[in-house]
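Visitor: Structure, please.
(one chain, ligands or ions: 1)
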Amino acid sequence: MRNYTKQYINGEWIDSASGENIEVINPATEEVMGTIAKGNKADVDKAVQAAENVYVQFRNSSIEERRNLLDKIVTEYENRKEDLVAAIRDELGAPTKVAENVHYQMGLDHFVAARDALDTFEFEERRGNNLVVKEAIGVAGLITPWNFPTNQTSLKLAAAFAAGSTVVLKPSEETPFAAIILAEIFDKVGVPKGVFNLVNGDGSGVGNPLSEHPSVRMMSFTGSGPTGAKIMEKAAKDFKKVSLELGGKSPYIILDDVNIQEAARAAVMKVVNNTGQVCTAGTRTLVPESIKADFLTAVKEEMANIKVGDPTDSETQVGPIISKKQFDQVQSYIDKGIEEGAELLYGGPGKPEGLDKGYFARPTIFNNVDNQMTIAQEEIFGPVMSVITYNDLDEAIAIANDTKYGLAGYVYGENLDNLRKVARSVEAGTIEINEAGRKPDLPFGGYKQSGIGREWGDFGIEEFLEVKSIAGYYQEG
Ligand code: NAD
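Guide: You can find the predicted model right below:
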(Lines give C-alpha, C1' and ligand atoms only; values in the text may rest on other atoms or scores of the structure.)
Protein backbone atom coordinates (compact mmCIF):
# COMPACT_ATOMS: atom_id res chain seq x y z
CA MET A 1 0.00 0.00 0.00
CA ARG A 2 1.21 3.45 -0.89
CA ASN A 3 0.10 6.06 1.61
CA TYR A 4 1.16 9.56 0.66
CA THR A 5 -1.33 11.86 2.28
CA LYS A 6 0.87 14.94 2.48
CA GLN A 7 1.20 17.82 0.05
CA TYR A 8 4.55 19.13 -1.17
CA ILE A 9 4.46 22.89 -0.58
CA ASN A 10 7.36 25.34 -0.26
CA GLY A 11 9.94 22.55 -0.27
CA GLU A 12 8.29 20.51 2.49
CA TRP A 13 5.87 17.62 2.84
CA ILE A 14 3.04 19.03 4.95
CA ASP A 15 -0.39 17.84 6.08
CA SER A 16 -3.27 18.67 3.81
CA ALA A 17 -5.60 21.30 5.25
CA SER A 18 -8.60 19.08 4.50
CA GLY A 19 -7.61 16.05 6.55
CA GLU A 20 -9.44 13.98 3.93
CA ASN A 21 -8.01 11.30 1.64
CA ILE A 22 -8.73 9.70 -1.73
CA GLU A 23 -8.28 5.99 -2.34
CA VAL A 24 -6.44 5.02 -5.53
CA ILE A 25 -7.47 1.83 -7.32
CA ASN A 26 -5.19 -0.55 -9.22
CA PRO A 27 -7.23 -1.10 -12.41
CA ALA A 28 -5.80 -4.58 -13.01
CA THR A 29 -6.96 -5.89 -9.63
CA GLU A 30 -9.79 -3.46 -8.75
CA GLU A 31 -8.18 -3.22 -5.31
CA VAL A 32 -7.16 -0.13 -3.36
CA MET A 33 -3.42 0.34 -3.92
CA GLY A 34 -2.94 3.46 -1.82
CA THR A 35 -4.21 6.80 -0.61
CA ILE A 36 -3.45 10.44 -1.32
CA ALA A 37 -4.60 13.71 0.19
CA LYS A 38 -7.87 15.17 -1.00
CA GLY A 39 -6.60 18.73 -1.11
CA ASN A 40 -8.74 21.84 -0.85
CA LYS A 41 -8.67 25.60 -1.45
CA ALA A 42 -6.55 26.25 1.65
CA ASP A 43 -3.85 23.91 0.27
CA VAL A 44 -4.01 25.64 -3.10
CA ASP A 45 -3.72 29.08 -1.47
CA LYS A 46 -0.63 27.97 0.46
CA ALA A 47 0.98 26.45 -2.63
CA VAL A 48 0.27 29.47 -4.84
CA GLN A 49 1.63 31.77 -2.13
CA ALA A 50 4.84 29.72 -1.98
CA ALA A 51 5.21 29.91 -5.76
CA GLU A 52 4.36 33.62 -5.75
CA ASN A 53 7.00 34.37 -3.11
CA VAL A 54 9.87 33.17 -5.30
CA TYR A 55 8.72 33.75 -8.84
CA VAL A 56 10.80 36.89 -9.44
CA GLN A 57 13.88 35.25 -8.01
CA PHE A 58 13.43 32.14 -10.16
CA ARG A 59 12.63 34.21 -13.25
CA ASN A 60 15.94 36.03 -12.72
CA SER A 61 18.00 32.86 -12.26
CA SER A 62 20.59 32.36 -14.99
CA ILE A 63 20.06 30.03 -17.93
CA GLU A 64 23.06 28.10 -16.71
CA GLU A 65 21.51 27.60 -13.27
CA ARG A 66 18.31 26.28 -14.82
CA ARG A 67 20.23 24.09 -17.24
CA ASN A 68 22.17 22.61 -14.31
CA LEU A 69 18.97 22.05 -12.40
CA LEU A 70 17.41 20.16 -15.34
CA ASP A 71 20.60 18.17 -15.73
CA LYS A 72 20.45 17.07 -12.09
CA ILE A 73 16.78 16.18 -12.52
CA VAL A 74 17.66 14.00 -15.52
CA THR A 75 20.20 12.07 -13.45
CA GLU A 76 17.93 11.60 -10.44
CA TYR A 77 15.00 10.66 -12.70
CA GLU A 78 17.20 7.90 -14.12
CA ASN A 79 18.10 6.80 -10.59
CA ARG A 80 14.39 6.41 -9.79
CA LYS A 81 13.60 4.35 -12.90
CA GLU A 82 12.49 1.22 -11.07
CA ASP A 83 10.16 3.16 -8.75
CA LEU A 84 8.62 5.14 -11.60
CA VAL A 85 8.02 2.04 -13.71
CA ALA A 86 6.39 0.20 -10.78
CA ALA A 87 4.18 3.18 -9.89
CA ILE A 88 2.95 3.61 -13.46
CA ARG A 89 2.35 -0.12 -13.85
CA ASP A 90 0.27 -0.26 -10.68
CA GLU A 91 -1.67 3.00 -10.90
CA LEU A 92 -2.36 3.00 -14.65
CA GLY A 93 -2.23 -0.74 -15.35
CA ALA A 94 0.45 -0.25 -18.00
CA PRO A 95 2.32 -3.47 -18.82
CA THR A 96 5.84 -3.29 -17.36
CA LYS A 97 7.45 -2.99 -20.80
CA VAL A 98 5.12 -0.15 -21.77
CA ALA A 99 5.64 1.58 -18.41
CA GLU A 100 9.37 1.44 -19.04
CA ASN A 101 9.74 1.98 -22.81
CA VAL A 102 6.94 4.50 -23.24
CA HIS A 103 5.97 6.22 -19.99
CA TYR A 104 9.26 6.34 -18.12
CA GLN A 105 11.15 7.14 -21.31
CA MET A 106 8.85 9.97 -22.46
CA GLY A 107 9.18 11.71 -19.10
CA LEU A 108 12.95 11.47 -19.31
CA ASP A 109 12.98 12.67 -22.92
CA HIS A 110 11.15 15.87 -21.95
CA PHE A 111 13.63 16.82 -19.24
CA VAL A 112 16.50 16.12 -21.66
CA ALA A 113 14.84 18.07 -24.51
CA ALA A 114 14.12 21.11 -22.32
CA ARG A 115 17.66 21.06 -20.89
CA ASP A 116 19.18 20.85 -24.38
CA ALA A 117 16.85 23.50 -25.79
CA LEU A 118 18.42 25.94 -23.32
CA ASP A 119 21.73 25.67 -25.20
CA THR A 120 20.30 27.61 -28.13
CA PHE A 121 17.11 29.24 -26.82
CA GLU A 122 17.13 33.02 -27.39
CA PHE A 123 15.65 34.80 -24.38
CA GLU A 124 16.80 38.18 -25.70
CA GLU A 125 17.09 39.75 -29.11
CA ARG A 126 18.55 43.14 -30.00
CA ARG A 127 16.67 45.08 -32.70
CA GLY A 128 18.55 48.26 -33.48
CA ASN A 129 18.79 50.21 -30.23
CA ASN A 130 15.96 48.24 -28.75
CA LEU A 131 15.65 44.94 -26.92
CA VAL A 132 13.07 42.17 -27.00
CA VAL A 133 13.12 40.12 -23.81
CA LYS A 134 11.30 36.89 -23.10
CA GLU A 135 10.80 36.30 -19.39
CA ALA A 136 9.01 33.70 -17.30
CA ILE A 137 5.29 34.36 -16.93
CA GLY A 138 5.17 33.86 -13.16
CA VAL A 139 3.12 31.30 -11.23
CA ALA A 140 1.72 28.57 -13.50
CA GLY A 141 -0.99 26.07 -12.57
CA LEU A 142 -0.50 22.65 -14.13
CA ILE A 143 -3.35 20.12 -14.30
CA THR A 144 -2.73 16.71 -15.83
CA PRO A 145 -4.77 13.59 -16.66
CA TRP A 146 -4.24 9.93 -15.84
CA ASN A 147 -3.32 8.42 -19.20
CA PHE A 148 0.37 9.41 -19.27
CA PRO A 149 1.37 10.01 -15.63
CA THR A 150 5.02 10.94 -16.29
CA ASN A 151 4.78 12.29 -19.82
CA GLN A 152 2.20 14.99 -19.28
CA THR A 153 3.56 16.12 -15.94
CA SER A 154 7.20 16.08 -17.06
CA LEU A 155 6.68 17.96 -20.30
CA LYS A 156 5.00 20.84 -18.49
CA LEU A 157 7.43 20.83 -15.56
CA ALA A 158 10.53 20.65 -17.78
CA ALA A 159 9.32 23.58 -19.88
CA ALA A 160 8.35 25.68 -16.84
CA PHE A 161 11.70 25.07 -15.12
CA ALA A 162 13.60 25.86 -18.33
CA ALA A 163 11.62 29.09 -18.72
CA GLY A 164 12.07 30.06 -15.06
CA SER A 165 8.43 29.79 -14.08
CA THR A 166 7.28 28.59 -10.67
CA VAL A 167 4.48 26.02 -10.59
CA VAL A 168 1.67 24.36 -8.67
CA LEU A 169 0.96 20.89 -10.06
CA LYS A 170 -2.29 18.99 -9.61
CA PRO A 171 -1.88 15.55 -11.16
CA SER A 172 -4.77 13.20 -11.79
CA GLU A 173 -6.19 11.72 -8.60
CA GLU A 174 -6.35 8.39 -10.46
CA THR A 175 -2.59 8.21 -11.14
CA PRO A 176 -0.89 10.40 -8.50
CA PHE A 177 2.06 8.26 -7.45
CA ALA A 178 4.41 8.92 -10.36
CA ALA A 179 3.99 12.66 -9.66
CA ILE A 180 4.83 12.06 -6.00
CA ILE A 181 8.08 10.42 -7.12
CA LEU A 182 8.77 13.46 -9.32
CA ALA A 183 8.33 15.65 -6.22
CA GLU A 184 10.85 13.46 -4.38
CA ILE A 185 13.26 13.82 -7.32
CA PHE A 186 12.95 17.63 -7.29
CA ASP A 187 13.38 17.69 -3.52
CA LYS A 188 16.51 15.54 -3.72
CA VAL A 189 18.23 17.65 -6.40
CA GLY A 190 17.45 20.91 -4.63
CA VAL A 191 14.80 22.60 -6.76
CA PRO A 192 14.56 25.90 -4.83
CA LYS A 193 11.80 26.12 -2.20
CA GLY A 194 8.52 27.30 -3.68
CA VAL A 195 9.51 26.73 -7.31
CA PHE A 196 7.69 23.39 -7.41
CA ASN A 197 4.54 22.67 -5.40
CA LEU A 198 2.36 19.58 -5.57
CA VAL A 199 -1.26 19.63 -4.43
CA ASN A 200 -3.08 16.33 -4.73
CA GLY A 201 -6.83 16.14 -4.90
CA ASP A 202 -9.74 16.17 -7.31
CA GLY A 203 -11.00 18.61 -9.91
CA SER A 204 -13.50 20.46 -7.76
CA GLY A 205 -11.37 20.58 -4.59
CA VAL A 206 -8.03 21.55 -6.16
CA GLY A 207 -8.44 22.12 -9.91
CA ASN A 208 -11.15 24.76 -9.49
CA PRO A 209 -9.46 26.99 -6.89
CA LEU A 210 -6.18 26.73 -8.81
CA SER A 211 -7.83 27.81 -12.08
CA GLU A 212 -9.45 30.84 -10.48
CA HIS A 213 -6.62 31.92 -8.19
CA PRO A 214 -5.79 35.57 -8.95
CA SER A 215 -2.02 35.09 -8.47
CA VAL A 216 -1.85 32.30 -11.06
CA ARG A 217 -0.83 33.85 -14.39
CA MET A 218 -1.26 30.81 -16.57
CA MET A 219 -3.07 27.46 -16.60
CA SER A 220 -1.54 24.60 -18.53
CA PHE A 221 -4.01 21.74 -18.82
CA THR A 222 -4.15 18.34 -20.49
CA GLY A 223 -7.34 16.30 -20.37
CA SER A 224 -10.90 16.29 -21.61
CA GLY A 225 -12.60 19.05 -23.61
CA PRO A 226 -15.36 19.74 -21.05
CA THR A 227 -12.80 20.22 -18.25
CA GLY A 228 -10.64 22.37 -20.55
CA ALA A 229 -13.67 24.58 -21.21
CA LYS A 230 -14.33 24.99 -17.47
CA ILE A 231 -10.72 25.95 -16.82
CA MET A 232 -10.79 28.45 -19.69
CA GLU A 233 -14.00 29.98 -18.34
CA LYS A 234 -12.45 30.45 -14.90
CA ALA A 235 -9.23 31.77 -16.40
CA ALA A 236 -11.19 34.27 -18.49
CA LYS A 237 -12.26 36.14 -15.34
CA ASP A 238 -8.81 37.65 -14.90
CA PHE A 239 -7.44 36.94 -18.39
CA LYS A 240 -5.01 34.20 -17.42
CA LYS A 241 -3.16 32.65 -20.28
CA VAL A 242 -4.37 29.12 -21.01
CA SER A 243 -2.63 26.29 -22.73
CA LEU A 244 -4.89 23.32 -23.46
CA GLU A 245 -4.13 19.86 -24.79
CA LEU A 246 -7.46 18.13 -25.27
CA GLY A 247 -8.85 15.17 -27.15
CA GLY A 248 -8.48 13.78 -30.64
CA LYS A 249 -9.96 11.38 -33.17
CA SER A 250 -6.98 10.98 -35.40
CA PRO A 251 -6.97 9.44 -38.90
CA TYR A 252 -4.52 6.67 -39.83
CA ILE A 253 -4.40 6.89 -43.62
CA ILE A 254 -3.10 3.83 -45.44
CA LEU A 255 -2.12 4.32 -49.10
CA ASP A 256 -2.72 1.70 -51.81
CA ASP A 257 0.98 0.86 -52.35
CA VAL A 258 1.74 -0.61 -48.92
CA ASN A 259 2.79 -3.98 -47.66
CA ILE A 260 -0.66 -4.78 -46.30
CA GLN A 261 0.42 -6.96 -43.41
CA GLU A 262 2.90 -4.37 -42.17
CA ALA A 263 0.39 -1.58 -42.54
CA ALA A 264 -2.20 -3.60 -40.60
CA ARG A 265 0.29 -4.25 -37.80
CA ALA A 266 1.20 -0.56 -37.54
CA ALA A 267 -2.46 0.53 -37.60
CA VAL A 268 -3.36 -1.97 -34.86
CA MET A 269 -0.57 -0.70 -32.62
CA LYS A 270 -1.80 2.88 -33.02
CA VAL A 271 -5.18 1.74 -31.67
CA VAL A 272 -4.13 -0.55 -28.81
CA ASN A 273 -1.10 1.36 -27.47
CA ASN A 274 -1.71 2.27 -23.82
CA THR A 275 -5.02 0.36 -24.13
CA GLY A 276 -6.22 2.99 -26.59
CA GLN A 277 -6.05 5.64 -23.87
CA VAL A 278 -4.03 8.02 -25.97
CA CYS A 279 -5.15 11.46 -27.11
CA THR A 280 -3.27 10.92 -30.39
CA ALA A 281 -4.60 7.37 -30.98
CA GLY A 282 -5.06 6.76 -34.73
CA THR A 283 -8.46 5.14 -34.37
CA ARG A 284 -10.02 6.10 -37.71
CA THR A 285 -8.26 3.69 -40.04
CA LEU A 286 -8.69 4.93 -43.60
CA VAL A 287 -8.12 2.19 -46.19
CA PRO A 288 -8.34 2.33 -50.01
CA GLU A 289 -11.37 0.41 -51.33
CA SER A 290 -8.97 -1.44 -53.70
CA ILE A 291 -7.09 -3.22 -50.87
CA LYS A 292 -9.94 -3.43 -48.35
CA ALA A 293 -10.54 -7.20 -48.49
CA ASP A 294 -6.88 -8.10 -47.92
CA PHE A 295 -6.51 -5.41 -45.27
CA LEU A 296 -9.46 -6.74 -43.27
CA THR A 297 -7.98 -10.24 -43.22
CA ALA A 298 -4.58 -8.86 -42.13
CA VAL A 299 -5.90 -6.48 -39.51
CA LYS A 300 -8.02 -9.18 -37.86
CA GLU A 301 -4.98 -11.43 -37.69
CA GLU A 302 -2.83 -8.69 -36.19
CA MET A 303 -5.45 -7.76 -33.62
CA ALA A 304 -5.78 -11.41 -32.61
CA ASN A 305 -2.04 -11.47 -31.85
CA ILE A 306 -2.35 -8.73 -29.24
CA LYS A 307 -1.93 -10.10 -25.74
CA VAL A 308 -4.21 -8.46 -23.20
CA GLY A 309 -3.77 -9.21 -19.52
CA ASP A 310 -1.88 -8.84 -16.26
CA PRO A 311 0.47 -5.84 -16.49
CA THR A 312 3.07 -7.64 -14.39
CA ASP A 313 3.32 -10.47 -16.95
CA SER A 314 6.23 -9.76 -19.30
CA GLU A 315 4.27 -11.10 -22.32
CA THR A 316 1.40 -8.63 -21.87
CA GLN A 317 1.08 -5.87 -24.45
CA VAL A 318 -2.21 -4.33 -23.36
CA GLY A 319 -3.40 -3.78 -19.80
CA PRO A 320 -6.75 -2.74 -18.35
CA ILE A 321 -8.73 0.45 -18.85
CA ILE A 322 -7.99 2.94 -16.04
CA SER A 323 -11.30 2.77 -14.16
CA LYS A 324 -14.81 1.31 -14.03
CA LYS A 325 -16.15 4.64 -15.33
CA GLN A 326 -13.86 4.59 -18.38
CA PHE A 327 -14.51 0.87 -18.94
CA ASP A 328 -18.25 1.58 -19.02
CA GLN A 329 -17.67 4.44 -21.45
CA VAL A 330 -15.74 2.18 -23.82
CA GLN A 331 -18.50 -0.44 -23.59
CA SER A 332 -21.17 2.12 -24.37
CA TYR A 333 -19.29 3.21 -27.50
CA ILE A 334 -18.98 -0.40 -28.65
CA ASP A 335 -22.74 -0.81 -28.14
CA LYS A 336 -23.32 2.43 -30.03
CA GLY A 337 -21.22 1.23 -32.99
CA ILE A 338 -23.32 -1.92 -33.27
CA GLU A 339 -26.55 0.07 -32.85
CA GLU A 340 -25.60 2.55 -35.58
CA GLY A 341 -24.94 -0.26 -38.05
CA ALA A 342 -21.14 -0.65 -38.16
CA GLU A 343 -20.03 -4.25 -38.75
CA LEU A 344 -18.32 -5.81 -35.73
CA LEU A 345 -15.31 -7.51 -37.31
CA TYR A 346 -13.38 -8.47 -34.18
CA GLY A 347 -13.80 -8.25 -30.39
CA GLY A 348 -16.90 -6.51 -29.11
CA PRO A 349 -18.63 -5.88 -25.80
CA GLY A 350 -17.53 -7.44 -22.51
CA LYS A 351 -14.21 -8.63 -21.15
CA PRO A 352 -11.65 -10.93 -22.77
CA GLU A 353 -11.97 -14.56 -21.71
CA GLY A 354 -10.41 -15.35 -18.34
CA LEU A 355 -10.05 -11.70 -17.31
CA ASP A 356 -13.05 -11.22 -15.07
CA LYS A 357 -11.20 -9.22 -12.42
CA GLY A 358 -9.82 -5.87 -13.62
CA TYR A 359 -11.20 -3.37 -16.11
CA PHE A 360 -10.05 -5.26 -19.20
CA ALA A 361 -11.75 -4.50 -22.51
CA ARG A 362 -11.62 -6.54 -25.72
CA PRO A 363 -9.56 -5.06 -28.56
CA THR A 364 -12.23 -4.37 -31.15
CA ILE A 365 -12.46 -3.67 -34.90
CA PHE A 366 -15.47 -2.15 -36.62
CA ASN A 367 -15.74 -2.41 -40.41
CA ASN A 368 -17.96 -0.41 -42.78
CA VAL A 369 -17.82 2.61 -40.53
CA ASP A 370 -19.31 5.79 -41.89
CA ASN A 371 -17.35 8.85 -40.76
CA GLN A 372 -20.56 10.41 -39.42
CA MET A 373 -21.15 7.57 -36.93
CA THR A 374 -20.59 8.33 -33.26
CA ILE A 375 -17.66 5.88 -33.07
CA ALA A 376 -15.92 7.84 -35.85
CA GLN A 377 -16.58 11.27 -34.36
CA GLU A 378 -16.11 10.83 -30.61
CA GLU A 379 -13.04 9.92 -28.61
CA ILE A 380 -13.59 6.40 -27.25
CA PHE A 381 -10.38 6.18 -25.20
CA GLY A 382 -10.24 2.41 -25.56
CA PRO A 383 -8.77 -0.16 -28.01
CA VAL A 384 -11.42 0.28 -30.70
CA MET A 385 -10.60 0.65 -34.42
CA SER A 386 -13.02 2.06 -36.99
CA VAL A 387 -12.21 1.02 -40.57
CA ILE A 388 -13.39 3.56 -43.13
CA THR A 389 -12.77 3.16 -46.86
CA TYR A 390 -11.93 5.76 -49.51
CA ASN A 391 -11.57 5.82 -53.30
CA ASP A 392 -8.94 8.49 -53.95
CA LEU A 393 -6.51 10.62 -52.00
CA ASP A 394 -8.69 13.73 -52.01
CA GLU A 395 -11.53 11.75 -50.52
CA ALA A 396 -9.20 10.35 -47.84
CA ILE A 397 -8.08 13.88 -46.92
CA ALA A 398 -11.67 15.13 -46.81
CA ILE A 399 -12.69 12.29 -44.47
CA ALA A 400 -9.58 12.81 -42.33
CA ASN A 401 -10.47 16.48 -41.84
CA ASP A 402 -14.18 15.90 -41.27
CA THR A 403 -13.87 16.02 -37.48
CA LYS A 404 -14.03 18.64 -34.74
CA TYR A 405 -10.57 17.53 -33.64
CA GLY A 406 -7.10 18.14 -35.07
CA LEU A 407 -4.51 16.66 -32.75
CA ALA A 408 -2.66 14.09 -34.89
CA GLY A 409 -2.64 12.30 -38.22
CA TYR A 410 -0.78 9.32 -39.65
CA VAL A 411 -0.01 8.32 -43.20
CA TYR A 412 1.55 5.04 -44.30
CA GLY A 413 2.68 4.20 -47.84
CA GLU A 414 5.45 4.19 -50.43
CA ASN A 415 4.91 7.09 -52.80
CA LEU A 416 6.66 10.08 -51.24
CA ASP A 417 4.62 12.68 -53.15
CA ASN A 418 1.40 11.16 -51.88
CA LEU A 419 2.74 10.82 -48.34
CA ARG A 420 3.73 14.48 -48.34
CA LYS A 421 0.48 15.63 -49.90
CA VAL A 422 -1.51 13.90 -47.15
CA ALA A 423 0.84 15.16 -44.43
CA ARG A 424 0.46 18.75 -45.59
CA SER A 425 -3.32 18.50 -46.06
CA VAL A 426 -4.44 16.93 -42.79
CA GLU A 427 -5.48 19.68 -40.38
CA ALA A 428 -3.69 18.54 -37.25
CA GLY A 429 -0.80 19.68 -35.09
CA THR A 430 1.29 16.51 -35.35
CA ILE A 431 1.65 14.25 -38.37
CA GLU A 432 3.69 11.08 -38.61
CA ILE A 433 4.79 9.60 -41.91
CA ASN A 434 5.48 5.85 -41.92
CA GLU A 435 5.74 5.48 -38.14
CA ALA A 436 8.52 8.07 -37.90
CA GLY A 437 7.73 8.37 -34.19
CA ARG A 438 7.19 11.39 -32.03
CA LYS A 439 10.21 13.61 -31.32
CA PRO A 440 10.44 15.44 -27.99
CA ASP A 441 12.09 18.45 -29.65
CA LEU A 442 9.24 18.94 -32.13
CA PRO A 443 6.12 20.95 -31.20
CA PHE A 444 3.05 19.06 -29.99
CA GLY A 445 -0.52 20.33 -29.80
CA GLY A 446 -3.82 20.55 -31.61
CA TYR A 447 -5.86 22.39 -34.21
CA LYS A 448 -9.58 23.02 -33.73
CA GLN A 449 -11.11 21.47 -30.57
CA SER A 450 -7.91 19.56 -29.78
CA GLY A 451 -6.49 22.51 -27.96
CA ILE A 452 -4.67 25.78 -27.75
CA GLY A 453 -0.90 26.18 -27.75
CA ARG A 454 2.09 23.97 -28.37
CA GLU A 455 4.20 21.97 -25.94
CA TRP A 456 7.48 20.00 -25.97
CA GLY A 457 11.05 21.28 -26.40
CA ASP A 458 11.58 24.96 -27.25
CA PHE A 459 7.90 25.42 -28.18
CA GLY A 460 6.99 24.25 -24.68
CA ILE A 461 9.34 26.78 -23.11
CA GLU A 462 7.70 29.59 -25.16
CA GLU A 463 4.36 28.77 -23.49
CA PHE A 464 5.71 29.83 -20.09
CA LEU A 465 7.16 33.14 -21.28
CA GLU A 466 5.93 36.70 -21.61
CA VAL A 467 7.44 38.97 -24.24
CA LYS A 468 8.62 42.45 -23.35
CA SER A 469 9.99 45.07 -25.73
CA ILE A 470 12.29 47.73 -24.33
CA ALA A 471 12.65 50.65 -26.73
CA GLY A 472 15.82 52.70 -26.25
CA TYR A 473 17.58 50.01 -24.26
CA TYR A 474 20.80 50.82 -26.12
CA GLN A 475 21.67 54.51 -26.07
CA GLU A 476 23.90 56.17 -28.65
CA GLY A 477 27.25 57.17 -27.08
P1 NAD B 1 -10.66 15.20 -16.99
O2 NAD B 1 -10.54 16.29 -17.96
O3 NAD B 1 -11.90 15.07 -16.20
O4 NAD B 1 -9.46 15.29 -15.91
C5 NAD B 1 -8.17 15.72 -16.22
C6 NAD B 1 -7.63 16.48 -15.02
O7 NAD B 1 -8.45 17.61 -14.75
C8 NAD B 1 -7.60 15.68 -13.73
O9 NAD B 1 -6.44 16.01 -13.00
C10 NAD B 1 -8.85 16.15 -13.00
O11 NAD B 1 -8.78 16.00 -11.61
C12 NAD B 1 -8.87 17.62 -13.40
N13 NAD B 1 -10.18 18.25 -13.30
C14 NAD B 1 -11.41 17.67 -13.37
N15 NAD B 1 -12.37 18.61 -13.25
C16 NAD B 1 -11.74 19.80 -13.11
C17 NAD B 1 -12.19 21.14 -12.96
N18 NAD B 1 -13.48 21.46 -12.93
N19 NAD B 1 -11.28 22.13 -12.86
C20 NAD B 1 -9.97 21.86 -12.92
N21 NAD B 1 -9.48 20.59 -13.04
C22 NAD B 1 -10.35 19.59 -13.14
O23 NAD B 1 -10.36 13.91 -17.74
P24 NAD B 1 -10.45 12.43 -17.18
O25 NAD B 1 -11.59 12.19 -16.25
O26 NAD B 1 -9.12 12.11 -16.66
O27 NAD B 1 -10.81 11.69 -18.52
C28 NAD B 1 -12.08 11.89 -19.14
C29 NAD B 1 -11.94 11.93 -20.62
O30 NAD B 1 -10.97 12.90 -21.00
C31 NAD B 1 -11.43 10.67 -21.24
O32 NAD B 1 -12.47 9.82 -21.53
C33 NAD B 1 -10.75 11.13 -22.47
O34 NAD B 1 -11.64 11.19 -23.55
C35 NAD B 1 -10.31 12.51 -22.17
N36 NAD B 1 -8.87 12.58 -21.92
C37 NAD B 1 -8.09 13.16 -22.83
C38 NAD B 1 -6.74 13.22 -22.61
C39 NAD B 1 -5.82 13.85 -23.57
O40 NAD B 1 -4.62 13.69 -23.43
N41 NAD B 1 -6.29 14.55 -24.54
C42 NAD B 1 -6.19 12.68 -21.48
C43 NAD B 1 -7.03 12.10 -20.55
C44 NAD B 1 -8.37 12.07 -20.78
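
Visitor: contacting residues for the residue most central in space within the chain?
Guide: Among the residues of the chain, Q152 comes closest to the average C-alpha position under CA atoms, centre = their mean, at 4.6 Å. Contacts were defined as CB atoms under 8 Å, 6 or more residues apart in numbering; by that measure Q152 touches T144, P145, T222, E245. Quick note: C-beta positions are derived from backbone N, CA and C, even for glycine.

Visitor: repeat for D15
Guide: Taking CB under 8 Å, 6+ apart, we find D15 in contact with T5, K6, Q7, A37.

Visitor: can you rerun that using 10 Å?
Guide: D15 makes contacts with T5, K6, Q7, A37, D43, as judged by CB atoms under 10 Å, 6 or more residues apart in numbering.

Visitor: How about N60?
Guide: Neighbouring residues of N60 by CB under 10 Å, 6+ apart: E135, A136, G164.

Visitor: what do you get for N434?
Guide: For N434, the contacting residues are L255, V258, E262, A263, A266, Y410, V411, Y412, G413, E414, L416, L419, by CB under 10 Å, 6+ apart.

Visitor: cutoff 6 Å now
Guide: Contacts for N434 (CB atoms under 6 Å, 6 or more residues apart in numbering) come out as Y412.

Visitor: ok, it to the ligand distance?
Guide: Using CB to the nearest ligand atom, to the nearest Å, we find N434 at a distance of 24 Å from the ligand.

Visitor: Also I375?
Guide: Computed with CB to the nearest ligand atom, the distance linking I375 and the ligand is 13 Å.

Visitor: secondary structure class for that residue?
Guide: The three-state assignment at I375 reads helix, by DSSP: H, G, I helix; E, B strand; the rest coil.

Visitor: same check, this time on the one 10 residues further on
Guide: Reduced to three states with three-state DSSP, the structure at M385 is strand.

Visitor: ok, now which ones touch the nearest residue to I433 once chain neighbours are set aside?
Guide: Leaving out its chain neighbours, the residue that sits closest to I433 by CB to CB, 6 or more residues apart in numbering is L419, at 5.1 Å. Contacts of L419 were listed using CB under 6 Å, 6+ apart, and they are V411, G413, I433.

Visitor: from the contacts of Q152, which is closest to the ligand?
Guide: For the ligand, the nearest member of these is P145. The distance, counting by CB to the nearest ligand atom, is 3.3 Å.

Visitor: residues touching the closest one, list them.
Guide: Per CB under 6 Å, 6+ apart, neighbours of P145: S172, T222, G223.

Visitor: What about the last one, how many residues nearby?
Guide: Burial of G223, expressed as a neighbour count using other CB atoms under 10 Å, amounts to 22.

Visitor: and K300, how many residues sit next to it?
Guide: Burial of K300 is recorded as 16 neighbouring residues (other CB under 10 Å).

Visitor: In three-state terms, how would it be classified?
Guide: Here K300 is helix, with the state taken from three-state DSSP.
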